[in-house]
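Peer 1: sequence plus predicted model, see below.
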Amino acid sequence: MKLLVKLLLLMAWLVVSLLLHAFPLFYTPYSVVAKLYHMNQIFSFRRFWLLLKLDFAENGKSYLLSSGIIIGLMLLLMAPIMFKKDHQELLSSLLHPMAFFICVIFGGSLFTSTAFVQYNTPTRGISALMVPASQSEKFLATLLINMAFMVLFIVLFWQLHHRLIDIANSRLPANSWKYHPIPPDITTYFTFSYFLIQGAMFLGSIYFSRNTYIKALATCVVIVLVVSVFNYILAYQFTSHPSHLATFPFTSWNGFQDKHFIVAYPEPVWKWIWAFVMLIIVGLWSASYLRLKEKEI
């Protein structure tokens, strides 16, 4: 719930930023009147609502079909844990993470890569550009629809994960081993990584005209590899070249040098790290908006 609130505040911040970009605060009285007079040409809630209705009229069936496939596959992978009366750790340690990466990460990124699909071909691109709406309205409508489904997928996954494990544990014998949900720190890491990937795919959907998903995915993989290698080298140098070291970007350092050790960030540092990740996501959205403005020009 706290994560969802943060994301909603993040979206509100983006909306305010775009409106302030359209309506700077420091104007002469004449320019303020002129801006107010032309306000409906920049953003109108009524036109924004009509734009949302138009999008659902054109793409509603595709949205429902795509989300239905993702949610159906998610249930198919996660539900078997309920029907076993003996403990099988494979069901929770393999199938649930598999559902996250296949359905939430892969399925969600594939869904996001179609956010600006109407601009990928000349015919549809001209039709999209001719829609009587401002750049801000088109961008915010697309972002709102995409975020609605992205939040749905991630919230549904975590709810199913915890509830299905509770149901499975209630069916096990009293003296049996119990299933354990994914730890909170890994949950937070997975969730922020998920929205970071979706932000990158959102930018890729407007930046690449052909083979959008493949190019955006390849770009993400290259960036993740570069950042991971840099993070590993940094950790390796700061921990005096341990014999074994395991670390990922934005995580603690876990290694072995004569004895096992963990280099973890203090709690206040974690908050700054996740704030930095959210700032990157906003930056990706802002870059998408600037790219849309270039398309309009």
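Peer 2: Good, I have the coordinates. Residues are numbered from 1 along each chain as shown.
Peer 1: and the helix or strand that contains Met78, what's buried?
Peer 2: Element membership of Met78, judged by DSSP states H and E, is helix 45-78. Going by neighbour count (16 or more other Cβ atoms under 10 Å), the buried part of helix 45-78 is 47-48, 50-52, 55, 63, 66-67, 70-71, 74, 77-78. For the C-beta atoms, the positions are set from N, CA and C on the backbone; glycine is no exception.
Peer 1: could you point out the helix or strand that follows that helix?
Peer 2: helix 89-90.
Peer 1: low-confidence ranges in the stretch 1-150 of the chain?
Peer 2: When residues are selected by pLDDT under 70, those of the stretch 1-150 of the chain lie in 1-42, 122-125, 129.
Peer 1: go again using 80 as the cut-off
Peer 2: 1-44, 84-93, 119-134 (pLDDT under 80).
Peer 1: which parts of the stretch 101-250 of the chain are helices?
Peer 2: Secondary structure of the stretch 101-250 of the chain, counting by DSSP state H, counting those that start in this stretch: helices at 108-112, 122-129, 135-171, 184-207, 212-238.
Peer 1: please identify the most buried of these.
Peer 2: helix 108-112 (a mean of 22; mean count of other Cβ atoms under 10 Å).
Peer 1: and the contacts of it?
Peer 2: Applying Cβ atoms under 8 Å, 6 or more residues apart in numbering, the set of residues contacting helix 108-112 from outside is 66-67, 70, 146, 149-150, 153-154, 194, 197-198, 201-202, 205, 213, 216-217.
Peer 1: Tyr63 is in contact with Phe149, correct?
Peer 2: Yes - Phe149 is within contact range of Tyr63, at 6.9 Å (criterion: Cβ atoms under 8 Å).
Peer 1: for the residue nearest the centre of the chain, report the pLDDT, please.
Peer 2: With distances taken as Cα atoms, centre = their mean, Phe195 lies nearest the centre of the chain, 2.1 Å away. At Phe195, the pLDDT value in this model is 94.
Peer 1: Phe256 falls within a helix, correct?
Peer 2: No - the assignment for Phe256 (DSSP: H, G, I helix; E, B strand; the rest coil) gives strand, which keeps it out of a helix.
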